[in-house]
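Chemist: no FASTA, just this:
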């Protein structure tokens, strides 16, 4: 322990010295952590949106290819 560790006037860096490779690995871990839950969520949202657009744009009967809102309402009933 040095005297600069005890002196509050001497600012200590928030992070210790990090090399570029370690910073890259940390950034990749953060990206993978977010992608692990964000990508499936985006896929589900886009799938339901596409289902909604398809069911409203075609002349299919509701029993053959119902709208997602109707399916969800029936599920909750």
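Modeler: Right, received. Where do you want to start? As the structure is a prediction and not an experimental result, all values here were calculated from the model. Numbering: from 1, shown residues only.
Chemist: elements contacting the host helix or strand of residue 53?
Modeler: Assigned by DSSP states H and E, residue 53 falls within helix 20-57. Using 3 or more C-beta pairs under 8 Å, 6 or more residues apart in numbering; DSSP states H and E, the elements in contact with helix 20-57 are helix 68-76. (Glycine included, C-beta is placed from N, CA and C.)
Chemist: what residues sit buried inside the helix it packs on?
Modeler: By neighbour count with 16 or more other C-beta atoms under 10 Å, helix 68-76 contains no buried residues.
Chemist: pull the helix or strand with minimum mean pLDDT from the chain.
Modeler: Lowest by mean pLDDT, DSSP states H and E among the helices and strands of the chain is helix 3-6, with a mean of 58.
Chemist: where in this structure is pLDDT low?
Modeler: 1-17 (pLDDT under 70).
Chemist: the residue nearest the centre of it: what's it in contact with?
Modeler: Nearest to the geometric centre of the chain sits residue 38, at 2.2 Å (C-alpha atoms, centre = their mean). Contact partners of residue 38, counting by C-beta atoms under 8 Å, 6 or more residues apart in numbering, are absent.
Chemist: now with 10 Å?
Modeler: Shown in contact with residue 38 (C-beta atoms under 10 Å, 6 or more residues apart in numbering): residue 31.
Chemist: start the count at 52, not 1, going forward
Modeler: Okay, residue one is now 52; in that scheme the one you just asked about reads as residue 89.
Chemist: mind checking how far it is from residue 108?
Modeler: Distance, residue 89 to residue 108, using C-beta to C-beta, to the nearest Å: 28 Å.
Chemist: likewise residue 120?
Modeler: Using C-beta to C-beta, residue 120 is found at 15 Å from residue 108.
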